[in-house]
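Peer 1: I need the structure of the sequence given here:
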Amino acid sequence: MANTADPTRFSEESVGGKLTAFLEARTRRVWEPTADLFESGAVTSLFAMELVVHIEQTFGVTIEGDDLQLDNFRTIAAMSEMVSRLKSAAPTDG
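Peer 2: As a prediction, this is how the structure comes out:
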């Protein structure tokens, strides 16, 4: 029986929820999943690096190489998809 409270297991929806909460707390704005964070002017390239660190620490993934493209951080939906992809590609212990 799987442990549904396992912090290493996240659905794309829960990733989006956690990212939304983080962004709203940091920017004091409400964000739609497909809103362009950079086009809005609320998120800078420096803040994008903070997002990288936050995502890596929160979801237990490593973001490197091609995954460091700005488009992967442009929207909450894009970040959620990236985390899902990275989690599904990660080797599992066992």
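Peer 1: excluding its backbone neighbours, what's nearest Ala35?
Peer 2: Leaving aside its chain neighbours, Ala35 sits nearest to Thr75 (6.3 Å; criterion: C-beta to C-beta, 6 or more residues apart in numbering). For glycine as for every other residue, the C-beta is placed from the backbone atoms N, C-alpha and C.
Peer 1: Equivalent analysis for Met82, please.
Peer 2: Excluding the flanking residues, the one nearest Met82 by C-beta to C-beta, 6+ apart is Asn72, at 4.6 Å.
Peer 1: what about the one you found, how many neighbours?
Peer 2: Other residues lying near Asn72 total 21 when counted by other C-beta atoms under 10 Å.
Peer 1: ok, it - contacts?
Peer 2: The neighbours of Asn72, taking C-beta atoms under 8 Å, 6 or more residues apart in numbering as the test, are Ile63, Ala78, Met79, Met82.
Peer 1: In helices, which of the residues you listed fall?
Peer 2: Counting by DSSP state H, the part of the contacts of Asn72 found in helices is Ala78, Met79, Met82.
Peer 1: Just the buried ones among those, please.
Peer 2: With neighbours counted using 16 or more other C-beta atoms under 10 Å, these contain these buried positions: Ala78, Met79, Met82.
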